[in-house]
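S.K.: need coordinates for the following:
(2 chains)
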There are 2 protein chains.
Amino acid sequence: MVEANNRHSGEFELIHWIQKQVGSCDQLPVGIGDDCAIDQLPPDQLLLTSKDLLIEDIHFKRAWTSMFDLGRKSVAVNLSDIAAMGGKPRALYLGLGRSKQLKEADLKDFIRGFIYEAKQYDVILAGGDTCGSPGPLIVSVTVQGQVPTGKAVTRRGAVCGDALYVSGTLGDSALALQLLQSGLNLPPHLAQRFQTPSARVALGCFLSENELVTAMLDVSDGLLADLNHLLVASGVGAELALSALPLSEDFRSALNQDPTLIDLALAGGEDYELLFTSARHDLVQSAIPAPGAVKIGTITAGAGLIIRQENGDSYQCRQRGFDHFAAS
Amino acid sequence: MVEANNRHSGEFELIHWIQKQVGSCDQLPVGIGDDCAIDQLPPDQLLLTSKDLLIEDIHFKRAWTSMFDLGRKSVAVNLSDIAAMGGKPRALYLGLGRSKQLKEADLKDFIRGFIYEAKQYDVILAGGDTCGSPGPLIVSVTVQGQVPTGKAVTRRGAVCGDALYVSGTLGDSALALQLLQSGLNLPPHLAQRFQTPSARVALGCFLSENELVTAMLDVSDGLLADLNHLLVASGVGAELALSALPLSEDFRSALNQDPTLIDLALAGGEDYELLFTSARHDLVQSAIPAPGAVKIGTITAGAGLIIRQENGDSYQCRQRGFDHFAAS
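M.R.: Numbers count the residues shown, from 1 in each chain, chains lettered A, B, ... in the order given. Next up is the predicted model:
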């Protein structure tokens, strides 16, 4: 520690303020304010844990999002990992490294957004840590969830012949980023997908409870990168139908102007959709919870991935994110 | 996200390397490498969780520690929070924001130190996240532990008449910091206390299992600041005997040169000792696990704290860390 005692009264006041925003905490025996939070898992439930860092100018730019929305997104991207296991989120822990530029009002907007989003999923902010940062704003989130014993879905269970599905639409967030980088405004749908993505918790729970999936993960690093993780973990390959990729209207109209944008749907990041395999080839959009899912390919026996165009030719993605794929 | 896909193949290789260092992970159904880790708590155990950020140039300076020791310390300061609840640690989650200056060899030394320290306490590294940092090196740790139902010790249970104890010695780490800031070398004991503090897990478990404590926390922000937390949470006051503060030989010899250093024992940070209250006034050093504990005062009915000198006069601490105390 550089200063023997680097906590100031402001830190403790902030923690008290956060405690008030969280309100009563009946779910937990002990929440914010002790050395640890205490939680009691229901019997026959396993504990799920995931952790993500969000760092200013790496994961977000303050010019492109409100602090309230950044708080919301910090929650959603973590809950997405719980959804990917077929679990139900329980508690969030927040570590905040406050940059010197961050005003107190901004910080409070962030916390309000964080708690707002947590409440949408009935999840409690149970603890964390705050301190100053000599550089960027740092957001560190840990999420805990539960899943009934025997129902957790890992990346490892895909087998040859399984159908490959993805929920929602792909590439919206990456397209939004490209527009922002070009100084353009975002249409509302793309703004929502980029700034306040949803975690597919209801869908993930439905799929695991009904034992419809053999492997699952969330698409955060881009479809191809995350699909590769699933294929490697399961020891299988896949054939993907390029024409089957689910695309939003906004994405399709941009694609009509510039056909190379298809690579954003393949390799762009931050979709926060669920990618899963199933022995069932007949899952239909209407029969599963929002945002639904569509079949985009099939699991094959050999290693590697082939992206098939409608004319039968294979397709090579030119976007970054595919790099480490090519190396494998 | 500033780059649609900000993970490079290096990230995935690093995660594989970390997985190998962790080795077999029999304690957990799923460890590093999926969207979430999966853990199964024994029946009748509650889940404890704590989270700490360590940021370069706020919490540590690379010139003052090896990366191996920084890895060790990142574990110990988190386990200290589990010890403070009377719990036993189970799993660690590590978020790393890598500064541009950080070489791969340094990063690996950090991880080796982290895993080395975790093994001392039979705790597993179960997951986390890595990314680049545009500024300082960022270390975010989440620790989970367990405590038998009904045995957790909070800050809230101190009552008038309880004895106040602290484990180990106070002020060593703050004195070490002062020496480093003056460009001096550290004697081995002070170096150990500053660079590789120990978490008092065995002591915390012993005290809670044997129901010897009414309230407990770990001293990380300085004795006075942390004692204040305990007093406020319990709604009590305390009288502290200045001459009873446990001090190391190194600290005593510095104190002989400069009597004002006593304020470092009162208000310096990073002791990572346990501060606890007990209905028993006869706990003796020899009868409890290392590093033992000594009685330093008594809990009183009124609010506030009096520090009593040997001549009966009250003492006013002049160090920072006492500030927010004076304001209460």
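
S.K.: okay, now the unreliable bits of the stretch 1-150 of chain A?
M.R.: Across the stretch 1-150 of chain A, the ranges flagged by pLDDT under 70 are A:1-9.

S.K.: next, the residue nearest the centre of chain A: secondary structure please.
M.R.: Note on chain A: the residue nearest the mean C-alpha position is residue A:77, at 3.4 Å, using Cα atoms, centre = their mean. At residue A:77, secondary structure determined by DSSP: H, G, I helix; E, B strand; the rest coil is helix.

S.K.: my read: it touches residue A:219, true?
M.R.: No. Contact criterion Cβ atoms under 8 Å: residue A:77 and residue A:219 do not qualify, at 11.5 Å. All C-beta atoms are positioned from the backbone trio N, CA, C, and that covers glycine.

S.K.: now do the shared contacts for those two.
M.R.: residue A:272 (Cβ atoms under 8 Å, 6 or more residues apart in numbering or on different chains).

S.K.: and the stretch of helix or strand residue A:264 belongs to, what does it pack against?
M.R.: Residue A:264 is part of helix A:262-267 when elements are defined by DSSP states H and E. Contacts defined by 3 or more Cβ pairs under 8 Å, 6 or more residues apart in numbering or on different chains; DSSP states H and E place helix A:262-267 against helix A:172-181, helix A:223-234, helix A:249-257.

S.K.: let's see that with 7 Å instead.
M.R.: Packing partners of helix A:262-267 (3 or more Cβ pairs under 7 Å, 6 or more residues apart in numbering or on different chains; DSSP states H and E): helix A:172-181, helix A:223-234.

S.K.: give me the phi and psi for residue A:57.
M.R.: Backbone geometry at residue A:57, expressed as degrees, to the nearest 10, gives phi 70, psi 0.

S.K.: which residue, neighbours along the chain excluded, lies closest to it?
M.R.: residue B:134 (4.9 Å; Cβ to Cβ, 6 or more residues apart in numbering or on different chains).

S.K.: return the residues in contact with that neighbour.
M.R.: A:57, A:58, A:135, A:136 (Cβ atoms under 7 Å, 6 or more residues apart in numbering or on different chains).

S.K.: any idea whether the nearest residue to residue A:50 once chain neighbours are set aside is helix, strand or coil?
M.R.: Distances taken as Cβ to Cβ, 6+ apart put residue A:81 closest to residue A:50, at 3.7 Å, once the chain neighbours are dropped. Recorded secondary structure, residue A:81: helix (three-state DSSP).

S.K.: quick check: end-to-end length of stretch A:14-30?
M.R.: Stretch A:14-30 has an end-to-end distance of 19 Å (Cα to Cα, to the nearest Å).

S.K.: could you confirm whether it reaches chain B?
M.R.: Yes. Contact between stretch A:14-30 and chain B, assessed by Cβ under 7 Å from any Cβ of the partner chain, occurs at A:29, A:30.

S.K.: that stretch: how far from the chain's middle?
M.R.: Stretch A:14-30 sits 25 Å away from the centroid of its parent chain (Cα atoms, centre = their mean, to the nearest Å).

S.K.: which strand or helix spans residue A:95?
M.R.: Assigned by DSSP H and E, residue A:95 falls in strand A:88-98.

S.K.: what distance separates the helix or strand that comes right after the helix holding residue A:264 from the middle of the whole chain?
M.R.: Per DSSP H and E, the first helix or strand lying C-terminal to helix A:262-267 is strand A:273-278. Offset of strand A:273-278 from its chain centre (Cα atoms, centre = their mean): 13 Å.

S.K.: what is the mean pLDDT for strand A:273-278?
M.R.: Across strand A:273-278, pLDDT averages out at 98.

S.K.: can you dump the C-alpha atoms of it in CSV for me?
M.R.: Provided in CSV are the C-alpha atoms of strand A:273-278 (Å, rounded to 0.1, in the frame of the first residue of the first chain):
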residue,chain,number,x,y,z
GLU,A,273,-26.5,-14.1,-26.9
LEU,A,274,-26.6,-17.7,-26.0
LEU,A,275,-24.9,-20.2,-28.4
PHE,A,276,-25.9,-23.8,-27.7
THR,A,277,-26.0,-27.2,-29.1
SER,A,278,-28.9,-29.6,-28.9
